[in-house]
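S.K.: From the sequence below, what's the structure:
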Amino acid sequence: MLAVLPAAGSRAGSGCDPALAAREIPVLRMLTLDAAELDRLARSLSASLAPALPPARPPALVAGESAVGGGAFPGTSLPTTLVAVDPGPLGADGLALRLRLGEPAVITRVADGKILFDPRTLPEESFEAIGTALRQALAE
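M.R.: Numbers count the residues shown, from 1 in each chain. Now for the predicted structure:
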């Protein structure tokens, strides 16, 4: 349970500052993002991906779910805003493979013939690199 871990730099026995924990512990930050912040992140990620795509196939924001994971939360999901990309003639599986094998490796979801990026699970500072990786994957 996270509440028993003292916040970084705090004195022993002083407890945990939930706001600090949410900022400093990546998984806790991801789990506690609200809808407005997810929408902002999705729009920012979409803007980073758009230059890699043909104008006729811009990224789209779609409602979706983030899997929380196993362990204490098997089968649990949280609502999110996904960024969907039409992979064009490569197909979703082909583009997903190129992204996974690229540098940096980018892991995406594939659903309904689209590549899905979940901004809940991506650090905002990585959005530019992800856009570059997408451009490289489409150019191969």
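S.K.: Got the confidence number for the residue nearest to Asp86 when sequence neighbours are not counted?
M.R.: Using CB to CB, 6 or more residues apart in numbering and skipping the chain neighbours, the partner closest in space to Asp86 is Arg57 (4.4 Å). From N, CA and C alone the C-beta is placed, and that goes for glycine too. Looking at Arg57, its pLDDT reads 94.
S.K.: Which helix runs longest in this structure?
M.R.: Assignment by DSSP state H gives helix 35-49 as the longest helix of the chain.
S.K.: Pull up the pairing partners for the helix or strand that it is followed by, direction included.
M.R.: Counting by DSSP states H and E, the next helix or strand C-terminal to helix 35-49 is strand 60-69. Paired strands of strand 60-69, with direction, are strand 76-85 (antiparallel) (DSSP bridges).
S.K.: list the buried ones in the strand it pairs with?
M.R.: By 16 or more other CB atoms under 10 Å, the buried positions in strand 76-85 come out as 78, 80-85.
S.K.: cool, stretch 18-35 as well?
M.R.: Of all the residues in stretch 18-35, those buried under the rule 16+ other CB under 10 Å are 21, 25, 30-31, 33.
S.K.: Packing partners of the helix or strand of the chain with the lowest mean pLDDT?
M.R.: Least confident helix or strand, the chain: helix 26-31 with a mean of 74, by mean pLDDT, DSSP states H and E. Judged by 3 or more CB pairs under 8 Å, 6 or more residues apart in numbering; DSSP states H and E, the packing partners of helix 26-31 are helix 18-24.
S.K.: So for the helix it packs on, mean pLDDT?
M.R.: Here the average pLDDT along helix 18-24 is 77.
S.K.: what's the angle from the longest helix of the chain to strand 60-69?
M.R.: Angle, helix 35-49 to strand 60-69, by axes from the mean of the first three to the mean of the last three CA atoms, to 10 degrees: 120 degrees.
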